[in-house]
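> Predicted coordinates and the sequence they were generated for:
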Amino acid sequence: MNNDDIESLLERMPLVKAPASLDAKVLGRARRGRRMLLWTAAAAGLAAAVVVAALNFGGPTKLPPLPPPSKEAMAAAEPVRLEQNWSQLSYEGVVVPDGRTPLRQFRRQTLEHVQWIDASNGTRTEMTIPREEVILIKAPVD
Amino acid sequence: MRHAIERIYGERRQGLFTLALAITRCPARAEDAVQDAFARLWKSQARPDGDLVPYVFAAVRNAAFDQVRRQEPTAAAEPASIFNGLVSDPSSEAITAEEHGLVRRAVDALPEPEREAVVMRVYGGLTFHEMAQALGEPLQTVASRYRRALEKLSERIKAVAEPSHE
């Protein structure tokens, strides 16, 4: 009887089965953890949306940078992704930052809204990213 | 990492449980060991490089040894085998009752590190490289231990199945 025969014999031996209750104990804990993570991410997204809304009503310009969602939250929320973007461009007149070259100043504000929807448990995670950029274009001098 | 660990559990749950059972020799403690190991894995912030399979097996192995250490000496029952009874398992048709008894006794009699090596390789599906990572030992050591275990099993089974006619 060589090693292959022994391995073959071992493979055919009936094992004590892992109990079905183990799945609930092991995976239940993981899923509870993941639900908590998704709720945390959802709460963070909601808080961010409230901050953005408050800033938009309070004043038109400066929006603070938001903390990015954690890698774990991003990894956990892989199901369905919906993305919506809003953007507005406003002209703010001519500026002369160096005192010599006149430039036309535009301000572009965008809101990126992303949702991940997990159909398996009805969880929805949202994230809102505000961005603002100033564009300077050389103004023609007459 | 959670998804990867969940996938490993799904694919290797039987092997992980068998490894825990081979160490604890008690199904209830083996179940507790697997549960404890994954509870630690879910909580852990560690991000190991490379293959997660040996990492998960090492976690279950450590949790099984913790269970053994916690075991009260007075509560020592007869050590459980990793093998099921022949009658209750339909998949056991491919093996005779005699073979079953021989292999079961031979595996149960192996020293614990050799039994562990057999379980990791045959029932856990680990490569020697993965076993070496999980055990924190050189690959050659692990491979020789496994071969030695198979040789012992072969000798014991032969000795019983083909007794000397002198």
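Nice, thanks for sending it over.

> looking at chain A, which helix or strand does the model trust least?
Lowest mean confidence among the helices and strands of chain A (mean pLDDT, DSSP states H and E): helix A:71-76, at a mean of 62.

> Could you identify the helix or strand that succeeds that one?
strand A:80-95 (DSSP states H and E).

> partners of the next helix-or-strand element following that following strand in the sheet?
In the C-terminal direction, the helix or strand that comes right after strand A:80-95 (DSSP H and E) is strand A:103-118. Using DSSP bridges, the strands paired with strand A:103-118 are strand A:80-95 (antiparallel), strand A:123-138 (antiparallel).

> ok, stretch A:15-30 near chain B or not?
Yes: Stretch A:15-30 is in contact with chain B by C-beta under 8 Å from any C-beta of the partner chain, via A:15-19, A:21-23, A:25-27, A:29-30. Every residue, glycine included, has its C-beta placed from N, CA and C.

> now, among those, which is nearest to chain B?
Within the residues of stretch A:15-30 next to chain B, proximity to chain B (C-beta to the nearest C-beta) peaks at residue A:18, which comes in at 3.5 Å.

> Give the helix, strand or coil label for that closest one.
coil (DSSP: H, G, I helix; E, B strand; the rest coil).

> quick one: contacts for it?
When contacts are counted by C-beta atoms under 8 Å, 6 or more residues apart in numbering or on different chains, residue A:18 touches B:13, B:14, B:16, B:17, B:18, B:31, B:34.

> Tell me which helix or strand the fifth one sits in.
Which is residue B:18. Residue B:18 belongs to helix B:2-24, assigned by DSSP H and E.

> Would you mind putting the residues of stretch A:15-30 next to chain B into JSON lines with pLDDT alongside?
Listed next are those as JSON lines, based on pLDDT from 0 to 100:
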{"residue": "A:15", "pLDDT": "91"}
{"residue": "A:16", "pLDDT": "92"}
{"residue": "A:17", "pLDDT": "91"}
{"residue": "A:18", "pLDDT": "91"}
{"residue": "A:19", "pLDDT": "90"}
{"residue": "A:21", "pLDDT": "88"}
{"residue": "A:22", "pLDDT": "89"}
{"residue": "A:23", "pLDDT": "88"}
{"residue": "A:25", "pLDDT": "85"}
{"residue": "A:26", "pLDDT": "87"}
{"residue": "A:27", "pLDDT": "82"}
{"residue": "A:29", "pLDDT": "61"}
{"residue": "A:30", "pLDDT": "58"}
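
> shaky segments in the chain?
Using chain A. Where chain A drops to pLDDT under 70, the residues are A:29-46, A:48-64, A:69, A:71-79, A:119-120, A:141-142.

> not quite, I wanted chain B
Within chain B, the segments meeting pLDDT under 70 span B:73-77, B:86-94, B:161-166.

> what are the ranges of the helices in it?
Using DSSP state H, the helices of chain B run over B:2-24, B:27-43, B:53-70, B:97-108, B:112-118, B:128-135, B:139-161.

> re earlier: top of the contacts of residue A:18 by neighbour count?
residue B:16 (30 neighbours; other C-beta atoms under 10 Å in any protein chain shown).

> Tell me who's in contact with it.
A:18, B:9, B:34, B:37, B:56, B:57, B:60, B:124.

> What is the nearest of those residues to residue A:80?
Proximity of the contacts of residue B:16 to residue A:80, judged by C-beta to C-beta, is greatest for residue B:9, which lies at 24.7 Å.

> burial measure for the residue lying closest to that closest one once chain neighbours are set aside, as a count.
Take residue B:9 and drop its neighbours on the chain: the residue closest to it by C-beta to C-beta, 6 or more residues apart in numbering or on different chains is residue A:26, 5.8 Å away. Counted with other C-beta under 10 Å, residues neighbouring residue A:26 total 26.

> one step back: which one of the contacts of residue B:16 is nearest residue A:7?
Distances from residue A:7 to these, taken by C-beta to C-beta, are shortest for residue B:124, at 13.4 Å.

> So the closest one sits against residue B:12, correct?
Yes: applying C-beta atoms under 8 Å as the test, residue B:124 and residue B:12 come out as touching, 6.4 Å apart.

> what is in contact with these two at once?
Common neighbours of residue B:124 and residue B:12 (C-beta under 8 Å, 6+ apart) are residue B:57.
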